[in-house]
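Trainee: Here's my sequence, what's the structure:
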Amino acid sequence: MTHDLADAECLMCGMESVDEASIVFRDELWAAEIVPAFAVPGWFVLRSRRHAERITGLNDDELHSLARRARDLVGAVTEVTGAPATYLLVFGENYPHFHAVVTARGEDVPPQHRSGAILQLVPDHVDPVEAARLVPAVRDAYERASRRSPATTTSARAVR
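Mentor: As a prediction, this is how the structure comes out:
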């Protein structure tokens, strides 16, 4: 697989070298991992492995496989965390490389920090050890979910 590192400063492109313990899955097109600076337990990033800027930069294969990857990852995170809500957030302003942040929202999150405001909780909730502890269970749940899904153009199995 070829990685188009269009910007050496791109945080999402830099995720290609993240520690193995942070990886939920990688396939030819997509990866799901913990972002070290945003290592909140139950939060993951689903990112295109190729440097594609915003959703409009995705090619047809990436676009057609995005929904299944997102559904299976959100389902896995929800299953493992038991969260009453799991968000799939896409902004692309600070880091235009296409990615979605999957955030498990616990019962303890007050109403004023729900929806997009949940991002305000990052500074006080980063816990890399606890975030990494969830990866194996989320990985297993994701693999079960992806096996239940009909075949796609690329395998959802790990490619490293």
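Trainee: can you give me the helices for this protein?
Mentor: 11-14, 60-81, 122-125, 128-148 (DSSP state H).
Trainee: name the helices or strands packed onto the longest one?
Mentor: Counting contacts by 3 or more CB pairs under 8 Å, 6 or more residues apart in numbering; DSSP states H and E, helix 60-81 packs against strand 23-26, strand 30-33, strand 43-48, strand 85-89, strand 99-105, helix 128-148. (Each C-beta comes from the backbone N, C-alpha and C, glycine too.)
Trainee: tally of neighbours for Phe98?
Mentor: 24 (other CB atoms under 10 Å).
Trainee: Next: Leu119.
Mentor: The burial count for Leu119: 17, using other CB under 10 Å.
Trainee: Repeat that for Asp19.
Mentor: 12.
Trainee: Please apply the same query to Tyr142.
Mentor: Neighbours around Tyr142, by other CB under 10 Å: 25.
Trainee: what sits opposite the residue nearest to Arg49 when sequence neighbours are not counted in the beta ladder?
Mentor: Distance criterion CB to CB, 6 or more residues apart in numbering; nearest residue to Arg49, sequence neighbours excluded, is Ala31 at 5.4 Å. Note on Ala31: beta-bridge partners by DSSP bridges are Arg26, Arg47.
Trainee: what separates Ala31 from Asp108, distance-wise?
Mentor: 29 Å (CB to CB, to the nearest Å).
Trainee: who has more neighbours, these two?
Mentor: Ala31 (24 against 6).
Trainee: Does that one touch Arg47 like I think?
Mentor: Yes: between Ala31 and Arg47 there is a contact under CB atoms under 8 Å: 5.6 Å.
Trainee: Can you report how many residues neighbour the closest residue to Val35 other than its chain neighbours?
Mentor: Nearest non-adjacent residue to Val35, counting by CB to CB, 6+ apart: Val45, 5.0 Å away. By the measure other CB under 10 Å, the count of residues near Val45 is 23.
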